[in-house]
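Chemist: what shape does this take:
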Amino acid sequence: MKIERLSALQSNYIFVLISSAGDGAVVIDPGQADPVLRRLGELELPLTAIWHTHHHHDHIGGDRQLLARYPNARVFGSAHDAERIPTLTDFVAEGDSLTVGDRTAVVMEVPGHTLGHVAYYFPPALDAAPDEAVGAGAFGDLFCGDTLFSAGCGRLFEGTPVQMVRSLDKFRQLPNNTRIWCAHEYTESNLNFACSIVPDDPDVIRYRREIQKRRQRREATLPTCLATEKEINLFLRWDDPQVQQAMGTPDDPVRTFARLRGRKDLF
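Modeler: Numbers count the residues shown, from 1 in each chain. Coordinates of the predicted model:
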C-alpha cells in the first residue's frame, strides 16, 4: 500500500491509500473533491472507498462529487454519525478491520473532538523497507483525523476531557515507530503554544526550530512519528510533572489536560 497526502482547503490534508495491486484507491476524509479527482485521474485508478473519521464538513465536503464520479465506492464511518454523514454505506466500530492492498487497518473509537470520532491504524508491515521518517524498517500508520495533531490535539466540541484523555492514551499505547497522519497542518502554531507553557523544554525548543525551517521551505510537517510526539506534544504528557506544574494541577492528569486544552482554546 502506498500513501499520498493531498492539500485541501486552508489547512486540511486528504490521504489517498493506493492498493499494492494497483486496482483502486481509498480516500480518507475528502473535505474537497477536486484534489482527489485530479490525482485519481493522474493515477488512472478508480475510487473504491471513502473512510471518514468524523462528521465535520471539512472532512466530508467532497463526498457527493466523488460519488457522482465513482457511484460504486463504499463510504465508511461511525454509526454515531449516520445522520450527519448521509453518504455512509457501511458502519465501523472498535476493533473492526478494513483492508487496502496488502495492509489491514484496525478501527479505533476515539471520542473527544466529536462523539463518533474514529481512527484507522495499520500495524507495522513486517516486510517493509526502511523508512527515514521513523528510522526503522517496520512501521505502523495511524490516520487520526482531528483527535491528534503534531504537538497538539483537537478541540473538545462534543466530548469531555476524560474521553479525550482515554482516546489519546490509546494512541500512546501504539508502537513508537507509528507514523501519524494528522488531518491538519497546525504543527508550527501548536509548537508556539507549547513554548508558551514550557519555555525551557529542550525537546520542544529543538523541534520548534526544526519545524520553523521546514515551514519556511513550505514543506509539510506530516506525517509525524509517535516517538517524537511523546517528547514534544504536551497533550500526550498530561502525567508529566513538568506539565502538571505548569498547569498547577499536580498528580491530576485529567485536570492537567483539561486546563491545558482550555489554555490552547484561548491562545
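Chemist: my read: Ala246 touches Ser196, true?
Modeler: No - using CB atoms under 8 Å, Ala246 is not in contact with Ser196; the gap is 9.6 Å. Yep, even glycine has a C-beta here, placed from its N, CA and C like the rest.
Chemist: out of these two, which sits in the busier spot?
Modeler: Taking other CB atoms under 10 Å, Ala246 and Ser196 do not tie; Ala246 has more neighbours (19 against 12).
Chemist: what's around the residue lying closest to that one once chain neighbours are set aside, how many residues?
Modeler: Spatial nearest neighbour of Ala246, chain neighbours left out: Ile197 (5.1 Å); criterion: CB to CB, 6 or more residues apart in numbering. By the measure other CB under 10 Å, the count of residues near Ile197 is 17.
Chemist: tell me, what's the model's pLDDT at Ile197?
Modeler: According to the prediction, Ile197 has pLDDT 97.
Chemist: mean confidence for stretch 223-234?
Modeler: Mean predicted confidence for stretch 223-234 is 98.
Chemist: just the CA coordinates for it, please, in CSV.
Modeler: Provided in CSV are the C-alpha atoms of stretch 223-234 (Å, rounded to 0.1, in the frame of the first residue of the first chain):
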residue,chain,number,x,y,z
PRO,A,223,3.5,12.5,8.9
THR,A,224,4.9,12.8,12.3
CYS,A,225,6.1,9.9,14.5
LEU,A,226,4.7,8.8,17.8
ALA,A,227,8.1,8.7,19.4
THR,A,228,8.5,12.3,18.6
GLU,A,229,5.0,13.3,19.7
LYS,A,230,5.6,11.7,23.1
GLU,A,231,8.5,14.1,23.6
ILE,A,232,7.1,17.3,22.2
ASN,A,233,3.3,17.1,22.4
LEU,A,234,2.1,18.4,25.7
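Chemist: in that stretch, what counts as buried?
Modeler: Pro223, Thr224, Cys225, Leu226, Thr228, Glu229, Glu231, Ile232, Asn233, Leu234 (16 or more other CB atoms under 10 Å).
Chemist: equivalent analysis for stretch 145-161, please.
Modeler: 145-154, 156, 158-159, 161.
Chemist: same deal with stretch 32-52?
Modeler: For stretch 32-52, burial by neighbour count (16+ other CB under 10 Å) applies to 32-33, 35-37, 39-40, 45, 47-52.
Chemist: contacting residues around Gly152?
Modeler: Gly152 sits next to Tyr186, Thr187, Asn190, Phe193, Asn233, Phe235, Lys264 when contact means CB atoms under 8 Å, 6 or more residues apart in numbering.
Chemist: sec struct for the closest residue to Asp29 other than its chain neighbours, please.
Modeler: In this structure, Asp29 finds its nearest non-sequential neighbour in His59, 4.0 Å apart by CB to CB, 6+ apart. Judged by DSSP: H, G, I helix; E, B strand; the rest coil, the three-state class of His59 is helix.
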